[in-house]
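Colleague: predicted model, plus sequence, below.
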Amino acid sequence: MSDIKVASVADLPQINQVVEQAVMAWPLSERLRRLSLPLLVYTEIDCHYYQFLVKRDKANIVAIGAWDPHTLLATAHGNAALFHGLYVAPDSQGQGMGWQLVQAVADRARQLPVDGLLIKAERVAVSYFEQRGLLAVEAAGRQDYPYQFWLNLWPQCKVP
């Protein structure tokens, strides 16, 4: 996974290009994709909260994983770091890049005092995380994010 690198603010245009390509390929109506996109692109302010790990194909970013290494969350399964977003350009999907990014974030999160990653997924990605055996996390209330998954960082330890 040495080809996965931490992105900088200068990479935001390419990061957002991948986000746009991925969102516009979602199996939703064109209107819903168009309305969703402004909520999902990242700004320079987001760089203060999230770390972006990127995978490149030559000079171009083709996949990103965004996570928050600064805020630890208490969950029913233990303390967690937040995995915020996973996007792979449509032409690069199906090659394992997304899961490589999830694993790269997990490797970094193991340096923190956390038990797992709390992954917030879009509805269109639910089956992706289910197929990888991640535990679906029930929303705690109406204000909670509806599609969440738990990735245990220490699989030899039992998850409650």
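Modeller: Cool, got the structure. All values reported here derive from a predicted model rather than from experimental measurement. Numbering: from 1, shown residues only.

Colleague: going forward, measure contacts and count neighbours with C-alpha atoms only.
Modeller: Will do.

Colleague: excluding its backbone neighbours, what's nearest Ala25?
Modeller: The shortest distance from Ala25 to any residue other than its chain neighbours is 6.9 Å, reached at Pro90 (CA to CA, 6 or more residues apart in numbering).

Colleague: surely that neighbour touches Ala22?
Modeller: Yes - in terms of CA atoms under 8 Å, Pro90 counts as a neighbour of Ala22; the distance is 5.9 Å.

Colleague: which one of those two has more residues nearby?
Modeller: Ala22 (21 against 16; other CA atoms under 10 Å).

Colleague: tell me the contacts of that one?
Modeller: Tyr87, Val88, Ala89, Pro90 (CA atoms under 8 Å, 6 or more residues apart in numbering).

Colleague: where does pLDDT dip in this structure?
Modeller: 1-2, 156-160 (pLDDT under 70).

Colleague: would you map the helices across it?
Modeller: 12-24, 30-40, 97-109, 126-131 (DSSP state H).

Colleague: those: which one's closest to Leu53?
Modeller: helix 97-109 (7.0 Å; CA to CA).

Colleague: and the closest one, how far out from the chain's middle?
Modeller: 9 Å (CA atoms, centre = their mean, to the nearest Å).

Colleague: list the contacts of it.
Modeller: Residues contacting helix 97-109 (CA under 8 Å, 6+ apart): 1, 4, 53-55, 63-65, 67, 69, 81, 83, 86-88, 116-117, 153.

Colleague: ok, 6 Å please
Modeller: Gly65 (CA atoms under 6 Å, 6 or more residues apart in numbering).

Colleague: flag every buried residue along it.
Modeller: Met97, Gly98, Trp99, Gln100, Leu101, Val102, Gln103, Ala104, Val105, Ala106, Ala109 (16 or more other CA atoms under 10 Å).
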